[in-house]
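*Asks:* no sequence for this one, just the structure:
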DNA sequence: TTTCTTATTGAAAATCATTTTCATTAACAG
DNA sequence: CTGTTAATGAAAATGATTTTCAATAAGAAA
């Protein structure tokens, strides 16, 4: 198999080893695909892209690798309400961008937005503190999303 | 079939007709179950409860009815990350309570909370206005949830 | 480099919530 | 009471994801 292109976050090699995982061609290919897009790809989207370059890589491996990447906190997994999960590298091509999603219930298009995230952060921090104390809950994450109809669909 | 107990929101009879739907025994039974719980029931949970009293009612009908109820805005449909959808009557036994969810990723327990919902509402209103203008998006709803580990699981 | 161990893999089968199909039944308008 | 047709249940279909299992390849050790 030909070598990879070396794109993608440079640090995951070490992180992988650190977690006891082997660095394999399919895993590199999947990370490479994720690192080259701004989109919210489904497992099958990723499979198709990887498959073009490495036809040997199967869908099962894509699922397994994505699971690992999510557990390693290298990748976000989202659920936008259609059945398939979507995946996004935490550190995108332009560095980490904290953002949320605007989901069109008409065409399933997803718009990233970064407006209000600062205000949101304040509120979320406050809520997190209050809730974790009141309910004795160890909060590890949150999700905010808006649903509606995009320009074209409304 | 024996009659129903007459619990549940009193107004849905008319609302049903208004939408051109027939009032049937399975539909009444499902609404009755929903109106008697504070829990976040899955379709199968509801099926099992309904089935105890009306063994003739099938799971398919539960799914179909829930779909209708969600579309009529009588019921909320949630996705807590385990695969099954959860359903909640909008107007619960104690009247409508605007609340959000704290989801334990350990045991899948869900805690309703109403703290911070006022502050959240302010933020959400502001965000909704801003986003709908900026992205020309007609916002129809939102979802906020926190994930973490509950008392027992952490 | 070569060998060895075992994590990783792909293909196919299994899962499982949800949806569809279709012949039968029951709401309810007239 | 009767006719129309929406609603129903059982079974089959769907579709994303997971599991199984024998074959393969990563990387430590020799």
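*Replies:* Cool, the structure landed. For clarity, every value in this text was computed on a predicted model and none was experimentally measured.
*Asks:* residue A:136 and residue A:85: what is the separation?
*Replies:* 30 Å (Cβ to Cβ, to the nearest Å). For the C-beta atoms, the positions are set from N, CA and C on the backbone; glycine is no exception.
*Asks:* these two: which is more packed in?
*Replies:* Between residue A:136 and residue A:85, counted using other Cβ atoms under 10 Å in any protein chain shown, the more crowded position is residue A:85 (16 against 12).
*Asks:* got phi/psi on the closest residue to residue A:127 other than its chain neighbours?
*Replies:* Ranked by Cβ to Cβ, 6 or more residues apart in numbering or on different chains and with sequence neighbours excluded, the top spatial neighbour of residue A:127 is residue B:116, at 4.4 Å. With angles defined as degrees, to the nearest 10, residue B:116 sits at phi 70, psi 0.
*Asks:* neighbours of residue B:116, how many?
*Replies:* Neighbours of residue B:116 under the rule other Cβ under 10 Å: 18.
*Asks:* does it really touch residue A:125, like I thought?
*Replies:* No. Using Cβ atoms under 8 Å as the test, residue B:116 is too far from residue A:125 to be in contact (11.0 Å).
*Asks:* before we move on, back to that, quick one, what contacts the residue nearest to residue A:127?
*Replies:* Going by Cβ atoms under 8 Å, 6 or more residues apart in numbering or on different chains, residue B:116 touches A:123, A:126, A:127, A:130, A:131.
*Asks:* quick one, grab the pLDDT at it.
*Replies:* We have a pLDDT of 84 for residue B:116.
*Asks:* would you mind measuring from it to DNA strand C?
*Replies:* Computed as Cβ to the nearest atom of the strand, to the nearest Å, the residue B:116 to DNA strand C distance reads 28 Å.
*Asks:* confidence score at residue A:76?
*Replies:* So residue A:76 comes in at 95 (pLDDT).
*Asks:* pretty sure it sits in a strand.
*Replies:* Yes. Counting by DSSP: H, G, I helix; E, B strand; the rest coil, residue A:76 is located in a strand.
*Asks:* what pairs with it across the strands?
*Replies:* Judged by DSSP bridges, the bridge partners of residue A:76 are residue A:88.
*Asks:* so what strands line up beside the longest strand along chain A?
*Replies:* The strand spanning the most residues in chain A, taking DSSP state E as the definition, is strand A:138-149. Strands that pair with strand A:138-149, judged by DSSP bridges, come out as strand A:100-104 (parallel), strand B:138-149 (antiparallel).
*Asks:* can you give me the buried ones in the last one?
*Replies:* Pointing back at strand B:138-149 there. B:138, B:139, B:142, B:143, B:144, B:145, B:146, B:147, B:148, B:149 (16 or more other Cβ atoms under 10 Å in any protein chain shown).
*Asks:* possible to save these as JSON lines with pLDDT?
*Replies:* What follows is the buried residues of strand B:138-149, written out as JSON lines (pLDDT from 0 to 100):
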{"residue": "B:138", "pLDDT": "92"}
{"residue": "B:139", "pLDDT": "92"}
{"residue": "B:142", "pLDDT": "88"}
{"residue": "B:143", "pLDDT": "89"}
{"residue": "B:144", "pLDDT": "90"}
{"residue": "B:145", "pLDDT": "92"}
{"residue": "B:146", "pLDDT": "93"}
{"residue": "B:147", "pLDDT": "92"}
{"residue": "B:148", "pLDDT": "92"}
{"residue": "B:149", "pLDDT": "91"}
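*Asks:* would you turn the strands paired with strand A:138-149 into CSV with distance to DNA strand C?
*Replies:* Formatted as CSV, the strands paired with strand A:138-149 follow (distance: least, Cβ to the nearest atom of the strand, whole Å):
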stretch, distance to DNA strand C
strand A:100-104, 17
strand B:138-149, 16
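*Asks:* burial check on residue A:57, number of neighbours?
*Replies:* Residues lying near residue A:57 (other Cβ under 10 Å) number 21.
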